[in-house]
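In: Here is a sequence with its predicted model. Questions after.
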Amino acid sequence: MTTINTAGHRAFEQAVPDPARVAMLNSAVRQGDPLAENVIAELDALGTPARAMLDLALRRGLHAVESPTPAIEAFVHAIEAVPENVDTSLAETGDRASISIPPFWHSIALALASLLPNYTNIRVAKVLASTGNLAYSAGRRLAETAAWRVNVTTPGGLKPGGAGYIGAVQVRLLHARVRTALLRRGWDVEADGVPINRADTLNTWLDFTVVPFTALERLGFELGPQEERDLYRYWGHVGHLLGIDPDWCAQITCHKEGAAWRECLLATQVLGLDDNVRAIQGALIDTVAERLATLMPNGPPSVARSLVFALARRVLGDAACDAMECKPSDLGGIVDMFATQNAALRREYRESQQSWDRYLERNAGQYLQASAHLQGPTTYEKAHTTPPPNGVTPVTEG
């Protein structure tokens with residue numbers, strides 16, 4: 001394994017991480033989600049009737065279930081007991097900050113700013129390898145993540161029974177299923193922490209907030225102060241559904257605070273390059289390059305691949321990309337041109353509320369159209385309906 005220089009790996013340069021917070025997150029590395037794990041045990045023990053009961057509770061509410069089983073009752077009750085500091089009022093309008101980003105650019109930011117560096121977390125790579133996810137299609141994995149994000153951010157998606165509400169809970173249960181199976185197979189908690197632990201879940205939450213949106217700023221998509229605040233208010237609700245400590249989310253109300261928490265999380269991670277990391281990163285880069293190649297059908301594949309590296313260097317910086325062995329690219333000037341054009345168009349759309357609303361409506365339609373292309377149930381949809389034959393389900397990034 002090659003150890004990555006953490007300072008070079010970071011997409012954000014902050015002060016020294018708060019020692020108390022680092023200690024708290026180090027403790028969270030060894031903590032799972034008992035409420036969700038108890039549900040998985042109950043589903044596997046009781047089978048179809050329990051699965052139907054859980055599905056009904058998520059779609060219509062716990063009150064619609066007659067005599068719920070203990071684990072399902074405790075789990076859904078906790079979900080429905082929304083903490084006072086979690087703001088659910090934005091569910092009606094959806095995550096307008098996310099909707100304000102064209103789908104193509106949002107996918108680039110998630111792939112290259114969130115996932116690519118996150119895969120250098122040796123523990124994350126080990127979980128993916130242990131679930132057989134190295135062989136699982138990177139394209140499918142990204143498509144499922146994108147569909148999940150669309151459901152979560154769409155107006156009404158987070159209302160009880162909505163597609164985003166149910167999807168967020170299903171991802172939580174998927175993580176619990178994988179965690180339970182790996183622990184049962186002898187996962188070394190002392191060496192590697194609990195698989196998909198509480199700190200990992202917070203890290204995922206930041207991979208949908210501060211990480212991609214900081215990258216998007218570097219690509220010409222800047223949020224206004226109120227948009228930034230609303231982004232974190234909205235995702236505080238998502239965090240509750242995912243089982244993240246609401247007090248953690250309540251403390252993260254802007255990019256600056258998100259970056260500070262991200263720095264503390266990095267201090268708890270083992271970052272490096274091994275065979276698992278290189279395989280996952282390589283599959284991700286190939287997938288993004290293939291998508292870019294479809295947009296330039298007359299160009300050689302090497303151009304699309306070089307553009308991926310140029311985009312990565314724009315959003316992460318040269319030091320982080322060098323640490324991850326991303327190749328240099330001579331297409332940085334093209335990416336600079338894209339960023340300038342994106343910023344100019346965004347200013348133009350903001351000139352009137354009418355043009356901005358039309359822009360948001362167009363983006364929302366494109367998101368829904370893209371997610372509609374996904375065929376078959378997602379991994380997280382199947383996680384609580386049908387137990388995997390080998391006891392371990394591949395992990396998606398959602």
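Out: Thanks, I have the structure now. All of these numbers come straight from a predicted model, not from anything done at the bench. Residues are numbered from 1 along each chain as shown.

In: can you pull out the strands in this protein?
Out: 2-3, 272-273 (DSSP state E).

In: Flag whichever of these has the least confidence on average.
Out: Ranked by mean pLDDT, these end with strand 2-3 in last place, scoring a mean of 54.

In: wait, what's in contact with residue 168?
Out: 152, 158, 238, 241, 242 (C-beta atoms under 8 Å, 6 or more residues apart in numbering). Just so you know, the C-beta spots here come from the backbone N, C-alpha and C atoms, and that holds for glycine as well.

In: Residue 74: which of those residues is nearest?
Out: The shortest approach to residue 74 among these belongs to residue 241, at 15.6 Å (C-beta to C-beta).

In: if I look at the spatially closest residue to that closest one that is not a sequence neighbour, how far off is residue 208?
Out: Once flanking residues are discounted, residue 241 sits nearest to residue 168: 3.7 Å by C-beta to C-beta, 6 or more residues apart in numbering. Distance of residue 168 to residue 208, computed by C-beta to C-beta, to the nearest Å: 11 Å.

In: swap in residue 186?
Out: 32 Å.

In: Looking at these two, which is more packed in?
Out: residue 208 (24 against 7; other C-beta atoms under 10 Å).

In: my read: the more buried one touches residue 235, true?
Out: Yes - Residue 208 is within contact range of residue 235, at 6.6 Å (criterion: C-beta atoms under 8 Å).

In: Name the helix or strand of the chain that has the lowest mean pLDDT.
Out: Of all helical and strand segments in the chain, the minimum by mean pLDDT, DSSP states H and E falls on helix 6-9, at a mean of 44.

In: hang on, the earlier thing: farthest-separated two in the contacts of residue 168?
Out: So, the contacts of residue 168 by C-beta to C-beta: farthest apart are 158 and 242, at 11.5 Å.

In: out of these two, which sits in the busier spot?
Out: Comparing residue 158 with residue 242 by other C-beta under 10 Å, the one with more neighbours is residue 158, at 27 against 22.

In: Excluding chain neighbours, what is closest to that one?
Out: residue 91 (4.1 Å).

In: Kindly report the same for residue 338.
Out: The nearest residue in space to residue 338 (C-beta to C-beta, 6+ apart) is residue 219, at 6.8 Å.

In: likewise residue 21?
Out: Residue 21 sits nearest to residue 264 (C-beta to C-beta, 6+ apart), 4.6 Å away.

In: dump the residue contacts of the one you found.
Out: 17, 18, 21, 22, 25.

In: rerun at 10 Å
Out: 14, 16-26, 199, 202 (C-beta atoms under 10 Å, 6 or more residues apart in numbering).

In: So it versus residue 175, what's the distance?
Out: 21 Å.

In: next one: residue 139
Out: 22 Å.

In: which of these two has more neighbours?
Out: For residue 139 versus residue 175, the count of surrounding residues by other C-beta under 10 Å is larger for residue 175: 30 against 15.

In: What is the neighbour count of the closest residue in space to that one that isn't next to it in sequence?
Out: Nearest residue to residue 175 in three dimensions, chain neighbours excluded: residue 196, at 4.4 Å (C-beta to C-beta, 6+ apart). For residue 196, the neighbour count with other C-beta under 10 Å is 24.

In: still on that earlier bit, find residues that contact each of residue 158 and residue 242.
Out: With C-beta under 10 Å, 6+ apart, residue 158 and residue 242 have common neighbours 152, 168.

In: who's in contact with residue 86?
Out: 233, 236, 237, 238, 239, 240, 241, 246, 249, 250.

In: ok, how many other residues are close to the fourth one?
Out: Which is residue 238. With other C-beta under 10 Å as criterion, residue 238 counts 25.

In: Could you report the pLDDT at it?
Out: 98.

In: Pretty sure it sits against residue 201.
Out: No - if you go by C-beta atoms under 10 Å, residue 238 and residue 201 don't touch, sitting 11.1 Å apart.

In: tell me, what's touching those two both at once?
Out: 171, 244.

In: show me where pLDDT drops low in this protein?
Out: For the chain, the stretches flagged by pLDDT under 70 are 1-15, 132-137, 383-398.

In: domain ranges for the protein?
Out: 2-30+95-382, 34-81 (automatic domain parsing).

In: that older thread, which among the contacts of residue 86 gets closest to residue 122?
Out: Using C-beta to C-beta, those come closest to residue 122 at residue 239, 25.0 Å.

In: just to revisit the earlier point, wait, which of the contacts of residue 86 is closest to residue 329?
Out: Looking across those and measuring by C-beta to C-beta, the closest to residue 329 is residue 238, at 34.1 Å.

In: dump the residue contacts of the residue nearest to residue 189 when sequence neighbours are not counted.
Out: Of all residues not flanking residue 189 in the chain, residue 30 sits nearest, at 6.4 Å (C-beta to C-beta, 6+ apart). By C-beta under 10 Å, 6+ apart, the contact set of residue 30 is 189, 190, 192, 193, 194, 197, 198, 199.

In: at 7 Å instead, please
Out: By C-beta atoms under 7 Å, 6 or more residues apart in numbering, the contact list for residue 30 reads 189, 193, 194, 197.

In: tally of neighbours for the last one?
Out: If I follow you right, that is residue 197. 24.

In: from memory it sits against residue 27, does it?
Out: No - contact criterion C-beta atoms under 7 Å: residue 197 and residue 27 do not qualify, at 9.8 Å.
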